[in-house]
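> Provide a 3D model corresponding to the input given below.
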Amino acid sequence: MPPPTASPRTTGPALELLVHGVGGTTPQEMLVDPRTVRVTGDTTAAIYRRSADVDAEQHPERYREEPIAEAYCWSNLTSGNGSRALWLLLLPFMVINLAHWMRPTARRRPRAIRLYGVLVRLIALSLTVLLTAAACEVALDLTAWQCAGVPDCSDQRSWLGFLSAAQGGWWSQPGRRLALAALVPTALVGLLWFLSNRTWSAYESQRPLSGPDPDDEAPPPEPARPALGRPGFWYGRRLVARLRAAHTAAGFLTVTACVTGAAARHDRAVTGPVPAVFGRLIEAALVLGAIVVLWVVCRRGRSERRLDNQLDRAVITCLPGTALTLLVLAAVHAAWSRPGWTSSGPLPRDVTFQAVTLAQGTLVVVLAAVSLDLYRRCPEPRTVMRGLGGPAVAMLACALGGVMTGGVAQRVADWLDGPGSPGMGRSALIEGPPVLLSWQASVIPVLLALLLVPGIALGVRTWLTARRLGPVIDAEYGETCPDPSRTERIARIRATAALTDSAPGMVGLVSGATLLLGAAAVGGAWATGEVPGLALDGSGPFLESVADAAQSTGSWLVGFGFLVFVACGRRAYRDPSARRTIGILWDVGTFWPRAAHPFAPPCYAERAVPDLASRMSGWTARTRGRLVISGHSQGSVLAASAVWQLPARTRAQVALLTYGSPIERLYGRWFPAYFGPGQLHGLHRSVHCWRNLWRATDPIGGEIRLGRESGPEVDRGPLKDPLVYGRTPEHPLPEPVLGHSDYQADPVFAEERTALLERLHPVLPHQADPPREDVRAAPAGPPDTAE
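Numbering: from 1, shown residues only. Prediction:
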């Protein structure tokens, strides 16, 4: 928490601190001036002013009509350089991290809250295991074991010649091929560790500003702070370090299991030069390591009520190092010479994917039960899906992980097999990926077909809503001779903007269908042990054709989906405009700290919120002036979070102006424990004054919905958009429909900003002029804190 500001002795100057929204913008655009200067900050995030305003505090007479303007630019935190576009491949990790923060509101339920967090962290751990297992499937099973072990396959790939069993070289033994191929998944886990550690040093390890009261006085007592106002909320250094160690160890242990499994089974089946006890010892160490990883993940959650500077050095250092050492021992054990050992068929990996999928489904179901119990005890009508938003999003994270891993395995298998169809036995050179992946791919066309019905229903409803809005719009603008095309366009934009409120229903439908179809896929793979095309042979021409079509279409769909991810990342690396578009995803998805998955993209708010809180506290303490922080879109969420972090004395000098804000429409409904009605009412009571502007044409921003019970009215809207219907003397050209952008172009913006600054003036009682010496001795009155 920044140091509290002393009570103001003068009104001082006025400052407007602008915070941009999703997608970012330049300081020149925000300040409407090509000449800007960086006041404080670095190339990643900084505060800018116009060149003429650098010494504005020294000349307050120049700013009697409008406040000093500053712009906080944070877009480089999410979409600055090309390498960050590759974060798109970490999408499942980001989505499961969102599920952690979607917990329903709970009062006096610490055990249920802790259980909710543990379940989400376990699902996140399963995603790491799934990703590593997919890399092992591609490198160890499909390439080193199957293709290199079949001369017809390895002869078509010259780069596999030294691994080919037909060559009889040193690397031709199956164990050595597996040990060499293990470098690929090991490098992947190491890369994830490196990226997480680097962003942890840049984000989570940056301690927020803290210090004593400037006047060395005890701060006034405050009511209990909400979660977003706690000192340690934006400082997740300890937890991320622990989770990074656990997930890295889990990845290494997964590779170890894949390497040592085949060798240990061979040693137990035949009498050879390697004693079977070595394999048993490695497997026992694997079980022990898995128990330790689970203990680390489940034992401790976040520390928010204080700045937790401790680090669990033993866990951070020893756990990944021990797991890597065990992996090296497993590779040496597998590479030991075993004459006569040959590879045939696939590695026994179906059980691994089935166990991970079953574990994910079970955890999601238990998470749903916990969420429903929390919601039942503290229901809030605006919460999405009656508290099931977190489990639904967790299910989507698992589905995304399955699509990405299945897509890679399917495409690599098709590429290695050439003209054959892996798993179908029709001139196939290799067995192909696990049967479960084929079943999962086969249900994707079914899922898409199911979504056609609600998609069509939403389209029809939007069209009907637009037709009903036509007369309303004509009456709103008072047009006696309306233009049908103009009215239709405005109505269509308003109706389309309202689709945002239908997103929870679609997410719930997709998640529920994914859970049921995934369970059917696991059952089909377990019962038949064959891909759908073979499992339904002899069931009739219709079912056979449907199964073949679903399998082939689904296989190409998952492969196409993965290629789309790669193509988007590659395009964003080269094209700054595309990079900015992809960065919008992270502006929304990476607002929250990494509380569930340490390999998720980093939380930019852990840098942005302390930046804003420190700037507001420092400037008001130094100048004794008034400050209005105005945030657009995602910037309004950052602004509100920063105001929550301020001491009560500083908040008396700060006003909050939000526009195009998703605070209630998105965050209040999906994250009720942090932006629910109780938390927003508390913010309204604590901040000096707050105003929110919104439009009916805005698909993102909306009302705050607080009413007057906690203070003056917050919402003003819906604002007219467009400002005028047709041509007028003041607007000779047609005005555009602005939607989510350019709120500052509306005259209401300047009007509300001025009103907020005026309400920050201290109200002094009128009295007769005192003698001159009394004037000099009279102290300045305290600020008026009444809203």
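> Return the helix or strand in this structure with minimum mean pLDDT.
Using mean pLDDT, DSSP states H and E, helix 772-777 stands out as the lowest-scoring helix or strand of the chain, at a mean of 36.
> Below-threshold pLDDT in the stretch 51-200 of the chain: ranges please.
Residue ranges of the stretch 51-200 of the chain with pLDDT under 70: 79-87.
> cool, the stretch 301-450 of the chain as well?
Ranges of the stretch 301-450 of the chain meeting pLDDT under 70: 418-427.
> In it, what residue spans correspond to helices?
Along the stretch 301-450 of the chain, counting by DSSP state H, counting those that start in this stretch, helices occupy 313-335, 350-377, 389-417, 435-477.
> Of those helices, give the one that comes closest to Y63.
Closest to Y63 of those is helix 435-477 (CB to CB; 36.5 Å). Every residue, glycine included, has its C-beta placed from N, CA and C.
> Return the distance of that closest one from the chain's centre.
25 Å (CA atoms, centre = their mean, to the nearest Å).
> Contacts for the helix or strand hosting I493, please.
Assigning secondary structure by DSSP states H and E places I493 in helix 484-497. Contacts to helix 484-497, defined as CB atoms under 8 Å, 6 or more residues apart in numbering, come from residues 462-463, 465-467, 469-470, 473-474, 696-699, 721-722, 725-726, 734, 737, 739.
> Stretch 336-354 now?
Contact with stretch 336-354 is made by 130, 133, 136-137, 140-141, 145-146, 148-149, 165, 173-175, 177, 257-258, 261-263, 265-267, 270, 272-274, 430-432, 434-437, 522, 525-526, 529, as judged by CB under 8 Å, 6+ apart.
> of these, buried ones?
The neighbour-count test (16 or more other CB atoms under 10 Å) marks 130, 133, 136-137, 140-141, 145-146, 148-149, 165, 173-175, 177, 257-258, 261-263, 266-267, 274, 430-432, 434-437, 522, 525 as buried among those.
> Now do the helix holding I493 and helix 435-477, the angle between them.
For helix 484-497 against helix 435-477, the angle between stretch directions is 130 degrees (axes from the mean of the first three to the mean of the last three CA atoms, to 10 degrees).
> Quick check: next helix or strand after helix 484-497?
helix 503-528.
> So what angle separates the directions of that following helix and helix 435-477?
Going by the same axes, to 10 degrees, helix 503-528 is angled at 170 degrees with respect to helix 435-477.
> centre of the chain versus helix 503-528, how much separation?
Centre to centre, stretch against its chain (CA atoms, centre = their mean), the figure for helix 503-528 is 23 Å.
> Report all helices and strands that that helix contacts.
Other elements packing on helix 503-528 under the criterion 3 or more CB pairs under 8 Å, 6 or more residues apart in numbering; DSSP states H and E are helix 350-377, helix 389-417, helix 435-477, helix 532-535.
> Next, the buried residues of that helix.
504, 507-511, 513-515, 517-518, 521-522, 524-525.
> Quick check: mean pLDDT of it?
Averaged over helix 503-528, pLDDT sits at 91.
> What are the contacting residues of whichever helix or strand R49 is part of?
Assigned by DSSP H and E, R49 belongs to strand 46-50. Residues outside strand 46-50 that contact it (CB under 8 Å, 6+ apart): 17, 27, 30-31, 33, 35-41, 56, 68-73, 611, 615.
> these two touch, right, L89 and F565?
Yes. Judged on CB atoms under 8 Å, L89 makes contact with F565 at a distance of 6.1 Å.
> So which elements touch the host helix or strand of V564?
Using DSSP H and E, V564 falls within helix 541-574. Applying 3+ CB pairs under 8 Å, 6+ apart, one finds that helix 541-574 makes contact with helix 389-417, helix 435-477, helix 532-535, helix 576-589.
> Could you list the buried residues of it?
Residues 544, 546-548, 550-552, 554-559, 562, 565, 568-569, 572-573 are the ones in helix 541-574 that count as buried (16+ other CB under 10 Å).
> any idea how far M94 is from R280?
To M94, R280 is 39 Å away according to CB to CB, to the nearest Å.
> does the closest residue to V118 other than its chain neighbours sit in a helix, a strand or a coil?
Distances taken as CB to CB, 6 or more residues apart in numbering put C298 closest to V118, at 5.0 Å, once the chain neighbours are dropped. Following DSSP: H, G, I helix; E, B strand; the rest coil, C298 is assigned to helix.
> ok, now which ones touch C298?
By CB under 8 Å, 6+ apart, the contact set of C298 is V118, R121, L122.
> Could you do V184 as well?
By CB under 8 Å, 6+ apart, the contact set of V184 is A135, V138, A139.
> would you list those residues in TSV and tack on neighbour count and secondary structure?
Listed next are the contacts of V184 as TSV, based on neighbours: other CB atoms under 10 Å; DSSP: H, G, I helix; E, B strand; the rest coil:
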residue	neighbour count	secondary structure
A135	25	helix
V138	22	helix
A139	24	helix
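> and which of those is nearest to D537?
Distance to D537 across those (CB to CB) is lowest for V138, with 28.0 Å.
> so that closest one sits right up against A409, yeah?
Yes. Between V138 and A409 there is a contact under CB under 8 Å: 6.0 Å.
> Nearest residue to L436 in space, please, no chain neighbours.
Closest to L436 by CB to CB, 6+ apart is A525, at 4.2 Å.
> again, but for V95
Counting by CB to CB, 6+ apart, A397 is the residue found nearest to V95 once chain neighbours are left out, at 3.9 Å.
> count of neighbours near that neighbour?
When neighbours are defined as other CB atoms under 10 Å, A397 has 28 of them.
> swap in the one 10 residues further on?
Counted with other CB under 10 Å, the neighbours of G407 add up to 25.
> For the remainder of this discussion, apply numbering that starts at 6.
Fine by me, first position is 6 from now on; the one you just mentioned is G412.
> check contacts around it.
G412 makes contacts with V563, G564, F565, G566, F567, L568, as judged by CB under 8 Å, 6+ apart.
> gap between the fifth one and C383?
Okay, so that is F567. Distance of F567 to C383, given as CB to CB: 41 Å.
> Take the contacts of C303 and keep only those in helices.
When the contacts of C303 are checked against helices (DSSP state H), the matches are V123, R126, L127.
> Out of the residues you listed, which comes closest to G665?
G665 has its nearest neighbour among the ones in helices among the contacts of C303 in R126, at 33.7 Å by CB to CB.
> Give me the residue at the spatial middle of the chain.
Central residue of the chain (CA atoms, centre = their mean): G594, 2.7 Å from the mean position.
> The residue nearest to that one when sequence neighbours are not counted: neighbouring residues, count only.
Of all residues not flanking G594 in the chain, M99 sits nearest, at 4.7 Å (CB to CB, 6+ apart). For M99, the number of neighbouring residues by other CB under 10 Å comes to 24.
> How much space separates M99 from G166?
Separation of M99 from G166 (CB to CB) stands at 40 Å.
> that older thread, out of the helices and strands packed on helix 546-579, nearest to V370?
helix 394-422 (7.9 Å).
> quick one: low-confidence ranges for the stretch 656-792 of the chain?
Counting by pLDDT under 70, the stretch 656-792 of the chain has low-confidence residues at 714-716, 766-792.
> 80 instead, please
Applying pLDDT under 80 to the stretch 656-792 of the chain flags residues 693, 712-717, 766-792.
> For it, just list every one of the strands.
Along the stretch 656-792 of the chain, counting by DSSP state E, counting those that start in this stretch, strands occupy 659-664, 694-700, 720-724.
> just those strands: most buried one?
Highest mean neighbour count of the strands of the stretch 656-792 of the chain: strand 659-664, a mean of 27 (counted as mean count of other CB atoms under 10 Å).
> Read off the pLDDT value for the residue nearest to V123.
We have a pLDDT of 93 for C303.
> hmm, back to that, mind putting the ones in helices among the contacts of C303 in JSON lines, neighbour count and distance to R230 included?
Listed next are the ones in helices among the contacts of C303 as JSON lines, based on neighbours: other CB atoms under 10 Å; distance: CB to CB, whole Å:
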{"residue": "V123", "neighbour count": "18", "distance to R230": "25"}
{"residue": "R126", "neighbour count": "27", "distance to R230": "25"}
{"residue": "L127", "neighbour count": "19", "distance to R230": "29"}
